[in-house]
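Engineer: Pasting a predicted model and its sequence here:
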Amino acid sequence: MSSSTRPQSLGPVEMIRWVWTQLTSMRTALALLFLLALGAIPGSLIPQRSQSAMKVSDFKQAHTVLDKVYEPLGMYDVYTSPWFSAIYLLLFASLIGCIIPRIRVYWKALRGRPARIPSRLDRLPEHRLAAPVGITADEGLERAEAWLRKRRFRVERTTLPDGSAGLSAERGYLREFGNLLFHLSLVFVLLGIAWNNMLGFKGSTILVEGQGFSNSITQYDEYHAGAWVDTDNLSPFSMKLKQFIVKFETGPVQRGAARDFRATMDVTDERGTRSDLVRVNHPITIDGNKIHLIGHGYAAHVTVTDGKGDKAWQGPVVFLPQDGNFTSSGVIKAPDARPERLAFQGIFLPTAPEQGMMGQSLFPDAVNPKLFLNAYHGAPKTETGKPENIYALDTTGLTQFKEGDDVLRFMLKPGEGYTLPDGTGTVTFDGWSRWSKVQISRAPGLPMTFGSIAASILGLCLSLFVRPRRLWIRTRTNDEGTAIEVAGLDRADARTGLSEHVDELTAAATGTATEEKK
């Protein structure tokens, strides 16, 4: 091949233009949308650090081989990983690149005129030719124009080169508007999600009746915030759980089903202190922060004394429900007990069977509360400052108390105590109260996201149900006299009603219409 016919390589500008053309094609946008959906699947199957760092740690320990693959790929932080962010940003750029040129074309179409009359109307899908009856051709065109305008066609009267008069009519511009609205709404959905991810946060804490919460990072049990959230300057407010009221069905139908959850809160913010009522699906708002109820259960009030007679622990211990009747498990830790530290694993039954040392709760309300405990003791543990899970007991360095050859197990009712063997201490079940898990969240991009989704549904409906249609009519003069020629064309496939419209327009233009049709 000679040098004169050899294709030239693209320069930097041409290469950028070619890449942008490929990126902004509809095919690329659909491929990126598919990749985004595909990339989101691991985030729903693999534990995410943003949701539960503890579950991630447990998964890593249980799947050491997979962990060597998942960790480098960012599978524990899918939605903030570089590859997912790249797909997200490319999709964003692709959608904008697709939409802007179409908006310009649509704007020109809105400001333009209906399509001119084709020279051969008889080649269109629907075509009629008829002579006016009892009216002139000009009167027929006037009637046709009135018929078209009544049906919201945009109409333009024209004079053809052969001297004949005609009408061009078009409607259905909302279809393309709906199409653009749908795609533009997807862009704002992406913006809303990004807004939430960068400036939103979500945290939770468990409050026992009588306990309070101050909105600082150290008060949260779990906290997940966007990259732009200033955790050192959270909204200044506090709240105290005064009472948590729960009502359960006691009748034979759906016995034990929850009927009502209510939390009475004392809220203090810049406006002062007030009492608020929080219910399920009815959150309260404090300085733009939504306060939701997302869980509840029982807390056992326990006092532990050590072998020296000192109080090693006193207060409420949260027990986590394990079934619908609130059979709950919990851990009591007394690391400061001396000469040996003490710990207990327990089951709280709000409605325990009358007989037996264990079992399951018979009803979710506290009708016959009992606390079943196993006890441990061991040498004092050196404080390392490493946080521990308050709902799990690490038995390293601990020995379980025994009663003969059997493991020591005992049951306590409210107000009862138990003396541990060898004078190591006592434990007393002082009573119980309820706790509620409260979620505090801020999602600034949520209104934009919901509004965009609603707009996308509206746009989709417009693009599916609006029928873009063009109709033309003109007069023709030949040896037999003057005739009216009508033709129509749909701008979308699989539409109905075109034939009827052409027939009705022909009848209106020729004066043969017997009644007004809507």
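Structural biologist: That came in fine, so what should we check first?
Engineer: And the longest helix seen in the chain, what does it pack against?
Structural biologist: In the chain, taking DSSP state H as the definition, the longest helix is helix 82-111. In this structure, helix 82-111 makes packing contacts with helix 12-23, helix 26-45, helix 173-199, judged by 3 or more C-beta pairs under 8 Å, 6 or more residues apart in numbering; DSSP states H and E. C-beta here means a position set from N, CA and C on the backbone, and glycine is covered the same way.
Engineer: Can I get the ones you listed in TSV including mean neighbour count and mean pLDDT?
Structural biologist: Supplementary listing: the helices and strands packed on helix 82-111 in TSV, determined by neighbours: other C-beta atoms under 10 Å; pLDDT from 0 to 100:
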stretch	mean neighbour count	mean pLDDT
helix 12-23	11	84
helix 26-45	14	88
helix 173-199	19	90
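Engineer: what are the ranges of the helices in the protein?
Structural biologist: 12-23, 26-45, 53-62, 64-73, 82-111, 137-150, 173-199, 446-465, 498-510.
Engineer: Can I get these in a markdown table including distance to Arg123?
Structural biologist: A markdown table is the format used below for the helices of the chain (distance: least, C-beta to C-beta, whole Å):
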| stretch | distance to Arg123 |
| --- | --- |
| helix 12-23 | 35 |
| helix 26-45 | 30 |
| helix 53-62 | 67 |
| helix 64-73 | 59 |
| helix 82-111 | 23 |
| helix 137-150 | 21 |
| helix 173-199 | 24 |
| helix 446-465 | 28 |
| helix 498-510 | 14 |
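Engineer: Those: which one's closest to Arg274?
Structural biologist: helix 446-465 (25.1 Å; C-beta to C-beta).
Engineer: any idea of the angle the closest one forms with helix 173-199?
Structural biologist: 160 degrees (axes from the mean of the first three to the mean of the last three C-alpha atoms, to 10 degrees).
Engineer: Can you name every helix or strand that helix 446-465 contacts?
Structural biologist: Applying 3+ C-beta pairs under 8 Å, 6+ apart, we find helix 446-465 packed against helix 173-199.
Engineer: The helix it packs on packs against which elements?
Structural biologist: Short answer (3+ C-beta pairs under 8 Å, 6+ apart): helix 173-199 packs on helix 82-111, helix 446-465.
Engineer: mean pLDDT for those: which is lowest?
Structural biologist: Per-stretch mean pLDDT for the helices and strands packed on helix 173-199 is lowest at helix 82-111 (a mean of 89).
Engineer: Enumerate the positions of it that are buried.
Structural biologist: Neighbour counts over helix 82-111 (16 or more other C-beta atoms under 10 Å) mark 84, 87-88, 90-95, 97-99, 106 as buried.
Engineer: what residue ranges in the stretch 351-500 of the chain score low on pLDDT?
Structural biologist: 478-480, 493-495 (pLDDT under 70).
Engineer: re earlier: adding distance to Gly511, write the buried residues of helix 82-111 out as TSV.
Structural biologist: TSV is the format used below for the buried residues of helix 82-111 (distance: C-beta to C-beta, whole Å):
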residue	distance to Gly511
Phe84	67
Ile87	62
Tyr88	62
Leu90	60
Leu91	57
Phe92	57
Ala93	58
Ser94	54
Leu95	51
Gly97	52
Cys98	48
Ile99	47
Tyr106	38
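Engineer: Looking at those, which one is closest to Gly11?
Structural biologist: Distance to Gly11, by C-beta to C-beta, is smallest for Gly97 among the buried residues of helix 82-111, at 21.0 Å.
Engineer: Is the closest one in contact with Trp20, as I believe?
Structural biologist: Yes: using C-beta atoms under 8 Å, Gly97 is in contact with Trp20, at 6.7 Å.
Engineer: Tell me which of the helices of the chain approaches Asn374 most closely.
Structural biologist: Closest of the helices of the chain to Asn374 is helix 53-62, at 22.9 Å (criterion: C-beta to C-beta).
Engineer: tell me the angle the closest one makes with helix 64-73.
Structural biologist: Using the same axes, to 10 degrees: helix 53-62 against helix 64-73 is 130 degrees.
Engineer: List the buried residues for helix 53-62?
Structural biologist: Buried residues in helix 53-62 (16+ other C-beta under 10 Å): Val56, Phe59, Lys60.
Engineer: Count the residues that sit near the nearest residue to the last one once chain neighbours are set aside.
Structural biologist: Distance criterion C-beta to C-beta, 6 or more residues apart in numbering; nearest residue to Lys60, sequence neighbours excluded, is Asp67 at 4.6 Å. Around Asp67 there are 16 other residues, counting by other C-beta atoms under 10 Å.
Engineer: can you check Thr24 too?
Structural biologist: 18.
Engineer: That one against Cys98, yeah?
Structural biologist: Yes: counting by C-beta under 8 Å, Thr24 touches Cys98, with 5.4 Å between them.
Engineer: before we move on, back to that, between the helices and strands packed on helix 173-199, which one is nearest to Asp394?
Structural biologist: Each of those has some distance to Asp394 by C-beta to C-beta; the shortest is helix 82-111, at 35.4 Å.
Engineer: For Asp310, what are phi and psi?
Structural biologist: phi -90, psi 150 (degrees, to the nearest 10).
Engineer: Now do the contacts for it.
Structural biologist: Arg338 (C-beta atoms under 8 Å, 6 or more residues apart in numbering).
Engineer: Please tell me how far it sits from Arg476.
Structural biologist: 112 Å (C-beta to C-beta, to the nearest Å).
Engineer: same question, Met265
Structural biologist: Counting by C-beta to C-beta, the separation of Met265 from Arg476 is 81 Å.
Engineer: Go ahead and confirm Lys202 touches His224.
Structural biologist: Yes: using C-beta under 8 Å, Lys202 makes contact with His224 at a distance of 5.4 Å.
Engineer: Give me the common contacts of the two.
Structural biologist: Contacts common to Lys202 and His224, judged by C-beta under 8 Å, 6+ apart, are absent.
Engineer: Listing request: residues of the stretch 151-300 of the chain with sub-threshold pLDDT.
Structural biologist: The stretch 151-300 of the chain contains no residues with pLDDT under 70.
Engineer: Can you show me the strands along it?
Structural biologist: Taking DSSP state E, counting those that start in this stretch, the strands of the stretch 151-300 of the chain run over residues 154-159, 165-171, 201-208, 212-214, 222-225, 238-248, 258-269, 272-279, 284-286, 289-306.
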